[in-house]
Each structure stands twice: as structure tokens, then as C-alpha cells.
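J.: Quick one, fold the following:
(chains A and B)
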Amino acid sequence: MQALDRREAVAALLADRRDLLVVTGLGSASYDVAACGDRAENFYLWGAMGGAAMAGLGLALARPDRPVLVITGDGEMLMGLGALATIAAAGIANLAIVVLDNRSYGETGAQPSHTAHGVDLAAIAKGCGWADTHTIADAAGLDQLARALHREGPRFAVIRIAPGEKPRILPPRDGAFLAQRFRAGLGIGEP
Amino acid sequence: MTNAVDWPDQVFTTLKRAGVRKIAYVPDAGHARLITRAHEDPSMRAVVLTTEEEGIALAAGAWLGGVRAALLMQSSGVGNCINMLSLPANCRMPLLMLVTMRGEWGEFNPWQVPMGQATEAVLRASGVIVHRANAAEEAAPMVAAAAALAYDSRVSVAVLLSQRLIGAKQFVAAGEAL
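T.: Predicted structure coming up:
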């Protein structure tokens, strides 16, 4: 089965990120985004497994003027599948969710995840009402997705990535720092 | 007796006055009026959840974007939230939860009792500050204080709306024996 390099895939999505706000699910997705350069417009979850998509929804609702991109892994998405229903029902345009699918729980010893057993996340999203769903396994698809991130959504994509760990590029993990930096970057002052 | 009838409307007004603009909820009969008001008000955005912990992540995301969200749930949903409560705690974000209680005052359904009885302890163990309203006239002022505490001091606060205040759910007509 064809699969992309996770670092190259994320780098391609963020190469021309412009005003994208990025939320990452815990684990390798956070390291992949950090490897593209740590910045205030990135919010990394180091825990709260299953919460990345919903944090993206909250941010997208709060900032309808900015495109929001959630980058997470298959295991993290599987823990919060209900979010796909909630986001579809919320009917917002400025949110994209990208699942980096290596069919395994990479942080914990590469145990096969449900997608290794045939669970199709894009089909689940479609069944929840997402009009724009993709499963991407080549550079052309990736290029199309990178450009689509700046257009109206919502958009759900699974990127098939090769198994195997990359060097860990660890972003800051103090949540209070990350939150305050993110808000300051948007010009939001003290509460 | 006006208060007894109007407390959900007063709570809604209080939330608006506190600057809350997003209301995430898992439906509950005790929150029904508040949910309707939130959907009807063009300045408010109501989001229905499939499970309560989704709302904690939603509130965190909204806070990142500079917007205040509140979360409505029944006590049975509090257990679903435990790990996700680490998100506002770690990030020093506010969280305001309004929890309608089951399993305590004249409960008919035994399945509600374990989580209802554990609700307050579970919240406190997870680092959430707990207020409890037992009477209708307490509800709105308590929500106002809880909102100020949550958003100004950036902590997680739950207001428990007791089953005595809401009224025990009636499964069978009064006087009918099972």
C-alpha cells in the first residue's frame, strides 16, 4: 500500500500556511508540526487524547475570520469519533481536520489501531455529514489538500503515512505558556 | 414563586452578561429552557455534543480564540470529563460547567445514583471548584459568581443545580403504584 512520509506530508501542508491556526493532537502529530518550526499560531496538545478536533471546533467558532487546521493521528481521532458528528452538525466553514494515519499507536509501541483492521475514518466522516472527505496517499493529493486548506470547508482528510518513528522534535509542553502565547499572537490581552 | 419559574431565564441572562457566547451541551431536561434560549439568541451559539468531554475541548479552543464558552450537562456526564479536565487545568484556561443533578433528591432511577453521588467528589478530585445551588433564587447569583471566578481567575468551576431545585423527574403519575 502506498504511503507518504509523515514529516514531508506535514511540511507540504504547512509550506504556505499563511493565516492558518493549527491545533495538533498528542504524540507524533505534534512533533511533525513542531519540526516545521515552532510558532505562536500552533497549539499542541500533549494530553487530552480525543480532544484535538473539538479544540479545533472551538477555535474555529471563536475565529470565523481564520482558517483552522487540526492535525492529529488515527489513534487520537478514534478516541473522539463523536466529534466528527458534532462538528458536522455545527456546520462551520473554517475548519479542516487532517488525520495522519499510520494504522498504529506509535507512541506506545506501534500496536495496530482500528484503521489497521479496516476502519475507514473518511467514510465515518462522510457518514456524519462531512461533504468534503479525502483519503490521500500520493503527492498530488497532498498538493490539492494543501491548497484546499485555505478555501471554505469543512474538510476532512486522512493521509496514509508510512509506519516508523521519526526523530522527536519536541514543542514546548507547558500548556499555560502555549495558550498565552497563542492568544497573544491573536492580539488577545489578559482576560 | 416567580423565581422558581424563571431561574433558567435568569441563568441565561447571567451567562450573556458574563460574556459567554458559546454554549456547548449534552441535552438534559433540567437545561431544556436554557438550551432553547441559547439556540434562539442570535448573539449566542449553541453546540450539541455527543459526549460531555467534547465540550471541555471546545471551550479550550474558544478560549484560545478569545471567546468565552460554557458547558451544560447532567451529573451522569461528569464522569466522561475526567481526563479532559486536564486540558483547562494545564493550560490555565477557564471552564464553566453547569451540571443538573440526578441521583440525589427523590430519584426514581437507580442507575442515576452512583454517578450522581460521586459527582461532587469526582469534580473536586479533578481540580474543579464546586458550587451547589439548592434553591431557585440561588441559581443565577451563583452562576454569576462562578463565571467571574472561572473567567477572571482562569480556573474550572462547576455549578451543581440540585435535583431538589430542578424537581425530581416524574416517571409515573403521582399516586400510581408500580
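J.: Next up, identify which helix or strand A:Thr72 is on.
T.: Using DSSP states H and E, A:Thr72 sits within strand A:68-73.
J.: Need the residues that contact that strand.
T.: Contacts with strand A:68-73, where a contact means CB atoms under 8 Å, 6 or more residues apart in numbering or on different chains, come from A:10, A:13, A:17, A:20-25, A:27-29, A:32-33, A:52-53, A:55-56, A:59-60, A:94-102, A:106, A:149. C-beta coordinates here come from the backbone N, C-alpha and C atoms, glycine included.
J.: Test my guess that A:Pro64 contacts A:Asn94.
T.: Yes: the pair A:Pro64 / A:Asn94 is scored as a contact, 5.8 Å apart, by CB atoms under 8 Å.
J.: Looking only at neighbour counts, state which of those two leads.
T.: A:Asn94 (20 against 13; other CB atoms under 10 Å in any protein chain shown).
J.: check contacts around B:Asn90.
T.: A:Trp46, A:Gly47, A:Asp174, A:Gly175, A:Ala176.
J.: Which two among these are spaced furthest apart?
T.: Using CB to CB, the contacts of B:Asn90 span at most 13.6 Å, a distance reached by A:Gly47 and A:Ala176.
J.: Okay, strands next: where are they in chain B?
T.: If DSSP state E is used as the criterion, the strands of chain B fall at B:20-25, B:45-48, B:68-74, B:95-100, B:129-133, B:156-161.
J.: and what of chain A?
T.: Applying DSSP E to chain A gives strands spanning A:21-24, A:42-44, A:68-73, A:95-101, A:104-105, A:111-112, A:133-136, A:155-160.
J.: Can you list the strands that the last one pairs with?
T.: Paired strands of strand A:155-160, with direction, are strand A:95-101 (parallel), strand A:133-136 (parallel) (DSSP bridges).
J.: who touches the shortest one?
T.: Residues lying outside strand A:133-136 but in contact with it, judged by CB under 8 Å, 6+ apart, are A:4, A:120, A:122-123, A:125-126, A:141-142, A:145, A:155-160.
J.: for B:Glu104, phi and psi?
T.: Dihedral pair for B:Glu104: phi -140, psi -50, per degrees, to the nearest 10.
J.: What parts of chain A come near chain B?
T.: Counting by CB under 8 Å from any CB of the partner chain, chain A comes close to chain B at A:21, A:23, A:43, A:45-63, A:80, A:82-83, A:85-86, A:89-90, A:174-176, A:178-180, A:182-183, A:186, A:188, A:191.
J.: which intervals of chain A have sub-threshold pLDDT?
T.: Residue ranges of chain A with pLDDT under 70: A:1, A:191.
J.: name the helices or strands packed onto the helix or strand bottoming out on mean pLDDT in chain B?
T.: The weakest-scoring helix or strand in chain B, judged by mean pLDDT, DSSP states H and E, is helix B:2-17 (a mean of 85). Packing contacts for helix B:2-17, counted by 3 or more CB pairs under 8 Å, 6 or more residues apart in numbering or on different chains; DSSP states H and E, involve helix B:32-40, helix B:136-153.
J.: That one: which residues count as buried?
T.: By neighbour count on 16 or more other CB atoms under 10 Å in any protein chain shown, the buried set for helix B:2-17 is B:Asp6, B:Trp7, B:Pro8, B:Gln10, B:Val11, B:Phe12, B:Thr14, B:Leu15, B:Lys16.
J.: ok so, going back, in helices only, show me the residues of chain A next to chain B.
T.: A:52-62, A:82-83, A:85-86, A:89-90, A:175-176, A:178-180, A:182-183 (DSSP state H).
J.: partners of the residue nearest to the spatial centre of chain A in the sheet?
T.: Centroid-nearest residue in chain A: A:Ile71, 1.2 Å away (criterion: CA atoms, centre = their mean). Beta bridges link A:Ile71 to A:Thr24, A:Val98 when assigned by DSSP bridges.
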